[in-house]
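Participant: build me a structure from this.
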Amino acid sequence: MVADEILVKKAQGGDTSAYGELVCRYQDRVYGLAMRVLASPEDARDASQEIFIKAFRALPGFNFRAAFATWLYRVAYNTSMDLQRKRGRERSRSVSMEGDGITRCAGLRDDALGPEEACLDSESLRDLRRAVAELPEEYRLALVLHHYQELSYRQVAEVTGLAEKTVATRIHRAKNMLRKRLLGGEGHALPESAKNNNRVPGRRMPVL
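Facilitator: Numbers count the residues shown, from 1 in each chain. Here you go, the predicted structure:
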């Protein structure tokens, strides 16, 4: 697979097909992030289009100081949050993402299950998804960026503008909230990285 940096350089040079490849590569994850913020398939689709338009217009100024994915997630996060504030009202968070009709690229899935989650029955998966959706927004988004978007604590901090320690605290508290809700205690609803909390665990939670 061609590296993001090569595609970005080609796109900066006017190769629109290279940017199209980047869109195809990240559209599922950008949509997923917008969905977590806006909790509406229609709004998430609109936001995704706006995000990629903004990113394309800003691409000439991309200086490679951060990874392209981190930069794109920052655009996605800020655009989604701006749209949410513009709506001026709380959105329902219990919206199903199944059958929403979004065009997806082959091989790009944001709902891959780890071996632990794949063994859960459908009712347990629904409970987990509902519990994540009902987390307070600041905790939910940090958890989503880390586990679903596979960003490190440092990258989540870059996207959200928070201190890295704040990100770590929010993710830790989000996990505790889920454990209490799902298991009534300190079980193992979410896997922890044994060696480095700045790295994404090998097993990911299922997508909402």
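Participant: could I get the buried residue list for the helix ranked longest in the chain?
Facilitator: Secondary structure of the chain read by DSSP state H shows that its longest helix is helix 16-38. Going by neighbour count (16 or more other Cβ atoms under 10 Å), the buried part of helix 16-38 is 18-19, 21-23, 25-38. Heads up, the C-betas are built off the backbone N, CA and C, glycines and all.
Participant: now do the following helix or strand past that helix against helix 16-38, angle only.
Facilitator: With elements assigned by DSSP states H and E, the helix or strand that comes after helix 16-38 is helix 41-58. Interaxial angle of helix 41-58 relative to helix 16-38 (axes from the mean of the first three to the mean of the last three Cα atoms, to 10 degrees): 140 degrees.
Participant: for helix 41-58, buried residues please.
Facilitator: Under 16+ other Cβ under 10 Å, the buried positions of helix 41-58 are 41, 43-45, 47-48, 50-52, 55.
Participant: got it, and stretch 162-180?
Facilitator: Buried positions in stretch 162-180, judged by neighbour count with 16+ other Cβ under 10 Å: 162, 166-168, 170-171, 173-175, 177-179.
Participant: need the pLDDT of Leu83.
Facilitator: Looking at Leu83, its pLDDT stands at 90.
Participant: surely it touches Leu38?
Facilitator: Yes: Leu83 is in contact with Leu38 according to Cβ atoms under 8 Å; the separation is 6.5 Å.
Participant: anything in contact with each of those two?
Facilitator: Counting by Cβ atoms under 8 Å, 6 or more residues apart in numbering, the common neighbours of Leu83 and Leu38 are Ala47.
Participant: so Glu150 is in which element?
Facilitator: Assigned by DSSP H and E, Glu150 falls outside every helix and strand.
Participant: any idea how far it lies from Arg29?
Facilitator: 9 Å (Cβ to Cβ, to the nearest Å).
Participant: pLDDT-wise, which helix or strand of the chain ranks last?
Facilitator: Counting by mean pLDDT, DSSP states H and E, the weakest-scoring helix or strand in the chain turns out to be helix 115-118, with a mean of 47.
Participant: following element in sequence after that helix, please.
Facilitator: Counting by DSSP H and E, the element after helix 115-118 in chain order, helix or strand, is helix 122-133.
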